[in-house]
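1. The following comprises the amino acid sequence and a computationally predicted model.
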Amino acid sequence: MLQQTQVETVKSYYARFLKAFPNVKQLAAAEEEKVLRLWEGLGYYRRARQLHAAAQKIVAEHDGKFPTDFESVFALPGVGRYTAGAILSLSLDQRLPIVEANTIRLYSRLIGYRDDPTKSAGQKVLWQFAEEILPKKNSGELNSAMMDLGSMICKPQDPLCGECPVAGHCTARLENLVDEIPLPKQKTKYTDVTEAAVVVRSNGKVLVRRCAQGERWAGLWDFPRAAVESRTDPKLHRELTAAVKKQTGVAIRLGEKMTTMRHGVTRYRITLHCFAANPATGPGKSTADQKWLKISDLDDLPLSVTGRKISEILQQP
DNA sequence: AAGGCGGGGAG
DNA sequence: CTCCCAGCCTT
């Protein structure tokens, strides 16, 4: 539960979870749906499924007893190097390092690591450091103390260096770099793309195409759809008609009316004025990757559009 | 090496 | 709004 989730948030979930599943065997025997139910609101639901699977693995392979060697714990689903090290160092005082959000920040500042510490080069340095500072005994206590130090003193913003017991060893502090370390992760850059799908109808049927391999939604069925640059008529109309023609070989003309719907979706009430059809794909003609379908048959296809029965939406004239 | 996962909380 | 949180897994 603590993977990427704050301690305060986890507390109540944890208590409720352990009340429902007091031990590994009961968790293993539970319905997945029940497990997910108790996870609702925590996010990263993969963790819940993996915890469930881990419990089942412990029952199947470890006689229902939680393993106590690093390799076995590390091999459990959802358990990485941090989690395995934390479990065994904190509960059994095994000499295993941990590196997580708090200690990434604390250790980066202590050693004055100036690059992004979450990248692999930084991780290598930090894990090495985390291992070096472990004492022969009481590694669990040291790990625990370092996380507390990171969360309460060596905070992301405005760390309390005046109260820090290791401020004298802190490179960032000595070089006045506390505010520059750790370097923030470079953000994934996203480009907004506006797409339009066109529902082409004729004689109560609607034109769909199957997305090609390598394309998004490969293998699923979709309406003719394309990224569009323009947002307003008449340029947008030209873009859409060209996209449909290119994608399906079907020539259409869009109607004038336009209604803006909620959820950022713009719906065109299109009127089909004419066809200048490619004989292979024209009205009524179907190929392996392109069909004219009755609206009621749409619900039987694996469709790129999900969430509502598409046929209900299209029933409107 | 990069992205996806998913909420809530703080500033 | 943005940043951050006791990471892990797949591609």
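-> That came through, no problem.
2. C-alpha from now on. contacts and neighbour counts both.
-> Fine.
3. Quick check: residues of the stretch 51-200 of chain A near DNA strand B?
-> Contacts of the stretch 51-200 of chain A with DNA strand B, taken as CA under 7 Å from any atom of the strand, map to A:119-121, A:187-189.
4. Can you give me the domain boundaries for chain A?
-> For chain A, the structural domains run A:7-174, A:195-315, going by automatic domain parsing.
5. and these, which is most packed in?
-> Stretch with highest mean neighbour count among the domains of chain A: domain A:7-174 (a mean of 17; mean count of other CA atoms under 10 Å).
6. measure that one end to end?
-> End-to-end distance for domain A:7-174, by CA to CA, to the nearest Å: 31 Å.
7. Can you give me the distance of the residue nearest the centre of chain A to DNA strand B?
-> For chain A, the residue nearest the mean C-alpha position is A:Tyr44 (7.7 Å; CA atoms, centre = their mean). Distance of A:Tyr44 to DNA strand B, computed by CA to the nearest atom of the strand, to the nearest Å: 4 Å.
8. Assign that residue to helix, strand or coil.
-> At A:Tyr44, secondary structure determined by DSSP: H, G, I helix; E, B strand; the rest coil is coil.
9. Got the phi and psi for it?
-> Torsion angles at A:Tyr44 (phi, psi; degrees, to the nearest 10) stand at phi 50, psi 60.
10. what sits against it?
-> Residues in contact with A:Tyr44 (CA atoms under 8 Å, 6 or more residues apart in numbering): none are found.
11. Quick check: pLDDT value at it.
-> A:Tyr44 is assigned 92 on the pLDDT scale.
12. try A:Val228
-> 82.
13. thought it was touching A:Ala197?
-> No: counting by CA atoms under 8 Å, A:Val228 sits too far from A:Ala197 to count as a contact (9.9 Å).
14. what's A:Phe129 in contact with, if anything?
-> Taking CA under 8 Å, 6+ apart, we find A:Phe129 in contact with A:Tyr107.
15. Need the phi and psi values for A:Val208.
-> Per-residue torsions, A:Val208: phi -130, psi 160 (degrees, to the nearest 10).
16. Okay, helices next: where are they in the stretch 201-317 of chain A?
-> Counting by DSSP state H, counting those that start in this stretch, the stretch 201-317 of chain A has helices at residues A:235-248, A:310-315.
17. what about the first one, average pLDDT?
-> Across helix A:235-248, the average pLDDT comes to 85.
18. what does the last one give?
-> Per-region confidence: helix A:310-315 scores 67 on mean pLDDT.
19. what residues does the stretch 151-300 of chain A put near DNA strand C?
-> Counting by CA under 7 Å from any atom of the strand, the stretch 151-300 of chain A comes close to DNA strand C at A:151, A:156, A:184-185.
20. So which of those residues sit within strands?
-> Among these, the subset assigned to strands under DSSP state E is empty.
21. pLDDT added to the residues you listed, as JSON lines?
-> Below are these laid out as JSON lines (pLDDT from 0 to 100):
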{"residue": "A:Ser151", "pLDDT": "94"}
{"residue": "A:Pro156", "pLDDT": "95"}
{"residue": "A:Pro184", "pLDDT": "91"}
{"residue": "A:Lys185", "pLDDT": "90"}
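22. could you dump those residues to CSV with distance to A:Ile87?
-> Shown next, in CSV, are those (distance: CA to CA, whole Å):
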residue, distance to A:Ile87
A:Ser151, 19
A:Pro156, 25
A:Pro184, 28
A:Lys185, 27
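23. Quick one: name the residues of the stretch 1-150 of chain A near DNA strand C.
-> Checking the stretch 1-150 of chain A against DNA strand C by CA under 7 Å from any atom of the strand, the hits are A:2-7, A:44, A:76-84, A:100-102, A:105, A:144, A:147-148.
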